[in-house]
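Asks: have a look at this fold, sequence not included:
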């Protein structure tokens, strides 16, 4: 429940297709301005480049490895038919003559190769995908996933974060950038998604892609515009506003383009803690999120 107001919402995602739009800044700011941090679980789901811990400085209490399945070919059973290579949508199995060779770096652990092998010549072994750490930053509980360098997909790692016990807490999930598989896994089943964008052509383009994804997944969303006042005119903001009107999307607020915010972030600080006027902005944002959910 949000603030005990009777609004049932267990997962709030903060996303946006464009990298660098300010998702982590916004997610962290929401977490630290909530009046009851004990009721939150902050999840850093950007498993390829997790950075929330750089700002929260948590004490890690637990770390567990997450594994993925990698195909292994039994040469004694394989007849070189090539069914496994044809079934692999990621090019992770190559036929070298009549011998299949597994490209581990490209494997997404989907299991299709083992499923289609007519001779049962493909088994699977565990390989380390990454780790999920759990800890606390003051009264705020945090989960952070970190993918192994070279792993092809962070989806199982994001899924492991979502499957972690959360004790009925509201989960604030800082999602990866883009609209790829890891983002799909992060936002799937969320109660609400806050899309962070910026008033630039790239920001608008990627906002549209994110909205399309969320509608396919039937996840309600609202928009927060970061860096308002960027540039010499308001044309970028006007285009964002026009898009949101056409798509019937609520614009839940805007964060001004302010050098102090960038400086605080660059120094490893959470801007809302260094710019007092932002605290009121995020308090209002919480109430607008609640209104959008009712």
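Replies: Noted; the coordinates are in hand. Please read all numbers here as calculations on a predicted model, not as lab measurements.
Asks: my guess is residue 169 contacts residue 40. True?
Replies: Yes - under the criterion of CB atoms under 8 Å, residue 169 is in contact with residue 40, at a separation of 5.8 Å. C-beta coordinates here come from the backbone N, C-alpha and C atoms, glycine included.
Asks: find residues that contact each of these two.
Replies: Any residue near both residue 169 and residue 40 by CB atoms under 8 Å, 6 or more residues apart in numbering counts here, and that gives residue 141.
Asks: more neighbours, the two?
Replies: Regarding residue 169 and residue 40, a neighbour count based on other CB atoms under 10 Å identifies residue 40 as having more, with 21 against 16.
Asks: where's that one relative to residue 188, distance?
Replies: Taking CB to CB, to the nearest Å as the measure, residue 40 and residue 188 are separated by 21 Å.
Asks: ditto for residue 105
Replies: Counting by CB to CB, the gap from residue 105 to residue 188 is 26 Å.
Asks: neighbour count: these two, which is higher?
Replies: Summary of the neighbour comparison: residue 105 and residue 188, criterion other CB under 10 Å, with residue 188 having more neighbours (15 against 9).
Asks: grab the nearest non-local neighbour of residue 16.
Replies: Residue nearest to residue 16 in three dimensions, not counting chain neighbours: residue 196, with 4.2 Å by CB to CB, 6 or more residues apart in numbering.
Asks: which ones are touching that neighbour?
Replies: Residues counted as contacts of residue 196 (CB under 8 Å, 6+ apart) are 14-16, 21-23, 26, 224, 226.
Asks: ranges for the helices of this structure?
Replies: In the chain, the segments counted as helices under DSSP state H are 23-33, 52-56, 83-87, 112-116, 155-163, 181-187, 201-216, 235-246, 259-266, 271-274, 276-293.
Asks: which members of the contacts of residue 196 are the farthest-apart pair?
Replies: Between all members of the contacts of residue 196, the longest pairwise span (CB to CB) is found for 15 and 226 and amounts to 12.9 Å.
Asks: neighbour-wise, which of those two wins?
Replies: The neighbour count for residue 15 versus residue 226, taken as other CB under 10 Å, is higher for residue 15 (29 against 24).
Asks: now do the contacts for the more buried one.
Replies: With contacts defined as CB under 8 Å, 6+ apart, the neighbours of residue 15 are 23, 175, 183, 186-187, 193-196, 210.
Asks: residue 20 and residue 10: what is the separation?
Replies: Where residue 10 is concerned, residue 20 sits at a distance of 28 Å (CB to CB).
Asks: which of the two has more neighbours?
Replies: In this comparison of residue 20 against residue 10, neighbours counted by other CB under 10 Å, the higher total goes to residue 10 at 15 against 12.
Asks: near residue 155, how many other residues are there?
Replies: Using other CB under 10 Å as the criterion, the residues surrounding residue 155 number 21.
Asks: out of the contacts of residue 196, which sit inside strands?
Replies: Helix and strand membership here follows DSSP state E; of the contacts of residue 196, those in strands are 14-15, 224, 226.
Asks: that older thread, want to throw the contacts of residue 15 into CSV with pLDDT and distance to residue 117?
Replies: Formatted as CSV, the contacts of residue 15 follow (pLDDT from 0 to 100; distance: CB to CB, whole Å):
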residue, pLDDT, distance to residue 117
23, 94, 41
175, 97, 36
183, 96, 31
186, 96, 32
187, 96, 34
193, 96, 39
194, 96, 44
195, 97, 42
196, 96, 44
210, 97, 38
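Asks: from these, which is closest to residue 287?
Replies: Distance to residue 287 across the contacts of residue 15 (CB to CB) is lowest for residue 194, with 13.3 Å.
Asks: quick one: residue 204 and residue 210 touch, right?
Replies: No - the pair formed by residue 204 and residue 210 falls short of the contact definition of CB under 8 Å, at 10.8 Å.
Asks: mind checking which of those two has more residues around it?
Replies: Each of residue 204 and residue 210 has its neighbours counted (other CB under 10 Å); residue 210 has more, 26 against 17.
Asks: how near is the more buried one to residue 262?
Replies: Relative to residue 262, residue 210 is positioned 23 Å away (CB to CB).
Asks: then residue 251?
Replies: As defined by CB to CB, residue 251 lies at a distance of 22 Å from residue 262.
Asks: which of the two has more neighbours?
Replies: Neighbour totals were compared for residue 251 and residue 262, and residue 251 leads with 17 against 13 (other CB under 10 Å).
Asks: lovely, talk soon.
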